[in-house]
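[1] just need the structure, nothing else, for what follows:
(2 chains)
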Amino acid sequence: MKEPTGTTNLRQVIWASSLGTLIEWYDFYIFGSLATVIASQFFPKTDPTAALLATLATFAAGFIVRPFGALVFGRLGDLIGRKYTFLLTLVIMGGSTFAIGLVPSYTSIGFAAPILVLVLRLLQGLALGGEYGGAATYVAEHAPPGQRGFYTAWIQTTATLGLFVSLGVILITRHSLDSDPMASIAKFNDRGWRVPFLVSILLVIVSVYIRLKMQESPLFAKLKNEGRTSTNPLKESFGHKRNLKMVLLALFGATMGQGVVWYTGQFYAQSFLENACKLDFDQSRTILIWAILFATPFFVVFGAWSDRVGRKWIMLGGMLLAVLTYRPLFGAMERATALPEHWPVAAGSTSQEELQQLPNGDRLRKRTEAFDLANGMHVVGITTDTLFQHQPETPSKSTTSITKSVPTGTYWKLVGIVFILIIYVTMVYGPIAAFLVELFPTKIRYTSMSLPYHIGNGVFGGLTPFIATLLTTMYATDKLVGLWYPIIIAFVCLVIGALYISNRIDPDVND
Amino acid sequence: MDQVKRNAGIIWMLMGPVALYFLITMALAEIERKPVLDTKIQWGVFVGVFTPIAIGLTIFGWYAFKGEYDRLPTRSEEI
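    Numbers count the residues shown, from 1 in each chain, chains lettered A, B, ... in the order given. A predicted model of the protein is given here:
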């Protein structure tokens, strides 16, 4: 048995690992959170090739490159060690994020801009694929046997906190560039969006400095000293039936369901509030921020609890609750934000018209109407059409979009619902690092646990918002139809997990 | 319980190709409905990514059917 690492040293291990992982998640999320602004800067829809690159950036980074990064860096982590590998992923991630903030826009350098952004986004996905497995393994290999769930749960908080920090930095930057709120948002959309990317480099420098001072994992160092490290981790992980069957079990019995529950609770919930419920930009994000703030401690609660009762039933309990309650919970969000059948206007309805000259001589007409409804909701409707230069009396077909702001009571009700959704996330995600670490032997642990984690989260989870939204466009009559994707995946995973996974806590990962 | 695990293996074995069939059918229908490059890439990525996963599910089912999960290893030497 290894000597348990001292408490002070263990705190340093958790701090160094968690900070770096949090920064990696922050870096990865700001791109997604600013997708609309980035698209207007680098991927104009008027140019089909640029739009194509946008699609590739979205899909490739999240769904193809992440598992590939898991293989590349997992192998490296099992060959040269955990410390230097997750140091490398941090530098790649931080460097790519900083560089995205420096890339000139499409209007300045043309096609080079979207190509550069695509390459940097791919590097981000690659780095993220290698980071998590290293951090989780590193902490678990330092943790005392009976507290592996508790200590690795700190790593589990970082994904959610990374989202929290990214949303916070974006909102603060968006509102602090000018004393006039509208001017501030305009400046943010023009150049200010670069700030969250550039800030990343400072965070990365601090984190690299802290991580450089850390020691290699004691279990890996011992294996290396004894010359017992794997010579071909990929072959040993996936080429031998005895380990491959455990990789498949981890994927289909745990990470697949965990991934969809995570992405539904944190990402599809926000997308649903913004696109299906038509909540305004700030409210849809601050609701998520509050819910994350209240729910994050539960990662550690469920991680620690899993040390006593086992990992399996906590994770599967989260999946079961998700399967049973997703439709009622999202239905409640939809009802809470629905417009009344007749719009009783309380006061202060305003109307405004703007004309914008286009380069071809046509004019873009934007009519904004705002209403304060009797139920306390504030609704803004924007109708846009084009007045043609030669036929101003026959404008183009108009498009109308509405956004809503809900009153305080409804706002906190929505925070409560999203909080419940994130509690499910904490149940499935809190214990999973300890679960995965205990499933595989030290010499191929980094490789073996990284792949099912990133297929479960990157592919099954990462596709959740997209597939759910796609389903709502295919079956437009039911706004909740998109939830069938996470419900079915979580249900299949729940059955497989209940049947095949063991609730046994491995007392010794020193093998 | 072991018999239930083995019998359920047949379901997982079948679920792989069935899921893949539905995915490909849906992809072809969507591409036909909206034959632009974006749609082709999106569905191409879906099919490309989910095909090895569906094969993995079938292999998982086969292992379950053969009783590989009747008893899980408790020590690394068994892996």
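[2] by mean pLDDT, point me to the weakest helix or strand of the chain.
    Just going to use chain A. helix A:48-59 (a mean of 66; mean pLDDT, DSSP states H and E).
[3] I was thinking of chain B, sorry if that wasn't clear
    That would be, for chain B by mean pLDDT, DSSP H and E, helix B:37-65 at a mean of 90.
[4] that one packs against which elements?
    Contacts defined by 3 or more C-beta pairs under 8 Å, 6 or more residues apart in numbering or on different chains; DSSP states H and E place helix B:37-65 against helix A:48-59, helix A:241-250, helix B:2-33. All C-beta atoms are positioned from the backbone trio N, CA, C, and that covers glycine.
[5] next, format the ones you listed as a markdown table and append distance to residue A:113 and mean neighbour count.
    Formatted as a markdown table, the helices and strands packed on helix B:37-65 follow (distance: least, C-beta to C-beta, whole Å; neighbours: other C-beta atoms under 10 Å in any protein chain shown):
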| stretch | distance to residue A:113 | mean neighbour count |
| --- | --- | --- |
| helix A:48-59 | 8 | 19 |
| helix A:241-250 | 39 | 20 |
| helix B:2-33 | 29 | 15 |
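[6] would you mind giving those as a markdown table with distance to residue A:184 added?
    Supplementary listing: those in a markdown table, determined by distance: least, C-beta to C-beta, whole Å:
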| stretch | distance to residue A:184 |
| --- | --- |
| helix A:48-59 | 26 |
| helix A:241-250 | 46 |
| helix B:2-33 | 40 |
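[7] out of these, nearest to residue A:437?
    Closest to residue A:437 of the helices and strands packed on helix B:37-65, according to C-beta to C-beta: helix A:241-250, at 10.8 Å.
[8] that closest one packs against which elements?
    Packing partners of helix A:241-250 (3+ C-beta pairs under 8 Å, 6+ apart): helix A:233-238, helix A:432-439, helix A:445-454, helix B:37-65.
[9] what does that helix contact?
    For helix A:241-250, the surrounding residues in contact (C-beta atoms under 8 Å, 6 or more residues apart in numbering or on different chains) are A:236-238, A:435-436, A:439-440, A:444, A:448-449, A:451-453, A:496, A:500-501, B:56-57, B:59-60, B:63, B:68-69, B:72-73, B:78-79.
[10] repeat for stretch A:83-93
    A:17, A:20, A:23-24, A:27-28, A:69, A:73, A:76-77, A:123-124, A:126-128, A:130-131, A:134-135, A:138, A:204, A:207-208, A:211-212, A:214-217, A:446.
[11] could you redo the last one with a cut-off of 7 Å?
    Contact with stretch A:83-93 is made by A:20, A:24, A:27, A:73, A:76-77, A:123-124, A:126-128, A:130-131, A:134-135, A:138, A:204, A:207-208, A:211-212, A:214, A:216, as judged by C-beta atoms under 7 Å, 6 or more residues apart in numbering or on different chains.
[12] ok, stretch A:203-215 next?
    Stretch A:203-215 is contacted from outside by A:13, A:16, A:19-20, A:23, A:83, A:87, A:90-91, A:94, using C-beta under 7 Å, 6+ apart.
[13] understood, closing this out.
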